[in-house]
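Engineer: Show me how the following folds:
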Amino acid sequence: MKAQQCVAMTIEEIAKRLVAYCREAKWETAQRELYADGAVSIEPYETPAFEKETKGLQAIIEKGKKFDAMVGEMHELKVSEPIVATNAFACTMLMDVTMKGQERMKMSELCVYEVKNGKIVAERFFA
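Structural biologist: Purely as a prediction, here's the structure:
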């Protein structure tokens, strides 16, 4: 019996897979499958809840869990089709959300991802 070869996904495949996970709010599944261990996440600005920069896959996963815990109700989540370049891709994300203890709000971000060696090494969000 031959051992199966692990074939790295193309950037297009990574982009489409990430968008599909995001549309279902499966942040941790996406991160565990698609992100490099040393990935970095950069927010538009620092907030009381989140630092501007988060380094490392485990820290990014914890940040996602913290965000989910803050959500009271997700009314709508829209993610655009990705725009793919050689080593990066981007999409827009719109969330209509009520955070616990806050009023309903709409958040819109441009999400940019850098890929190296078949894994996402950086994500950056622009408001």
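Engineer: Quick check: the residue nearest to the spatial centre of the chain vs Glu103, distance?
Structural biologist: Taking Cα atoms, centre = their mean, the centroid of the chain lies closest to Trp27, which sits 6.2 Å from it. Trp27 sits 23 Å away from Glu103, going by Cβ to Cβ, to the nearest Å. For the C-beta atoms, the positions are set from N, CA and C on the backbone; glycine is no exception.
Engineer: picking up where we left off before, regarding the residue nearest to the centre of the chain, what are the backbone dihedral angles?
Structural biologist: Dihedral pair for Trp27: phi -60, psi -50, per degrees, to the nearest 10.
Engineer: hang on, Lys66 in a helix?
Structural biologist: Yes: under DSSP: H, G, I helix; E, B strand; the rest coil, Lys66 sits within a helix.
Engineer: And the helices in this structure?
Structural biologist: Under the criterion DSSP state H, the chain contains helices at 11-23, 27-34, 57-70.
Engineer: now the ones you listed in JSON lines, with mean pLDDT?
Structural biologist: Formatted as JSON lines, those follow (pLDDT from 0 to 100):
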{"stretch": "helix 11-23", "mean pLDDT": "97"}
{"stretch": "helix 27-34", "mean pLDDT": "96"}
{"stretch": "helix 57-70", "mean pLDDT": "95"}
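Engineer: Quick check: which of those is nearest to Ala88?
Structural biologist: Taking Cβ to Cβ, helix 11-23 is the member of these nearest to Ala88, at 7.9 Å.
Engineer: list the buried ones in the closest one?
Structural biologist: Ile11, Ile14, Ala15, Lys16, Arg17, Leu18, Val19, Tyr21, Cys22 (16 or more other Cβ atoms under 10 Å).
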